[in-house]
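A.B. asks: coords please:
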Amino acid sequence: MRQARRHLLLALGAALAAGGARAQTAPRRSARDPDAEAFVQVQAQKVLSVLADRGLSLAQKEVAFRRLIDQIADVPKITNFVLGKYARTITPAQRAQFNSVFRTYAENVYQSRISEFRGETLKVTGSVARAPGDVVVSTVVTGGGREPIPVSWRVLGAGGSWKVVDVQIRGVWLAITQQQDFVSTIDNAGGDIGVLIAQLQRNPKPKS
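C.D. replies: Purely as a prediction, here's the structure:
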């Protein structure tokens, strides 16, 4: 009996030690990142303000919006991400074609989704560091006589250099959703990336 109890204690001690080792190696999430929050507060509000500016024509808003996207979003990283597993097999010629059509498509998607909040105000409510330099900033968009709408921004960088790589609106991450749709389209075409490129050329704007 005494020997059995000893074996049990040894086994328990080993399990606790293993658990402690796993806890030490598991990634830790920081509560907040003030630099990332400041970036989102300033830059995301700029985007909302441009779309709400009644002194600009629709064409002027589109030009200003696309200029801001180039400044605050990591478009090359997003472009690579949405291809999923096919980012490793796409040819240089296909890459050049895809980069062009996806940029137009992505700008239309983001403008369409963010335009829903025109005339409203964004406020940062917190952030979580997934890893050093990889932060999800939580915000709420208020105004327009509606209930506050939560919008999250995933940003990569550090200090004064941050870039947006995805936006979550009403619970949907835009880049993740695009990756799922694009990979499914290519899979259904037997791995032919050209089918996706042709589809984006025909339909450069998202379905409403």
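A.B. asks: My guess is Leu156 contacts Asp74. True?
C.D. replies: Yes: the pair formed by Leu156 and Asp74 meets the contact definition of CB atoms under 8 Å, at 6.5 Å. C-beta coordinates here come from the backbone N, C-alpha and C atoms, glycine included.
A.B. asks: what's the overlap in contacts for the two?
C.D. replies: By CB atoms under 8 Å, 6 or more residues apart in numbering, Leu156 and Asp74 have these common neighbours: Lys163, Val165.
A.B. asks: Count the residues that sit near Ala87.
C.D. replies: Per other CB atoms under 10 Å, the neighbour tally for Ala87 reads 16.
A.B. asks: So it sits against Asn80, correct?
C.D. replies: Yes: Ala87 is within contact range of Asn80, at 5.0 Å (criterion: CB under 8 Å).
A.B. asks: residue ranges of the helices in the chain, please?
C.D. replies: Counting by DSSP state H, the chain has helices at residues 2-25, 34-52, 58-72, 75-82, 92-114, 174-188, 193-202.
A.B. asks: contacting residues around Tyr86?
C.D. replies: Residues near Tyr86 by CB under 8 Å, 6+ apart: Phe182, Val183, Ile186, Gly191, Ile193.
A.B. asks: how close does the residue nearest to Thr142 when sequence neighbours are not counted sit to Val140?
C.D. replies: Spatial nearest neighbour of Thr142, excluding adjacent residues (CB to CB, 6 or more residues apart in numbering): Pro148 at 4.7 Å. Distance, Pro148 to Val140, using CB to CB, to the nearest Å: 4 Å.
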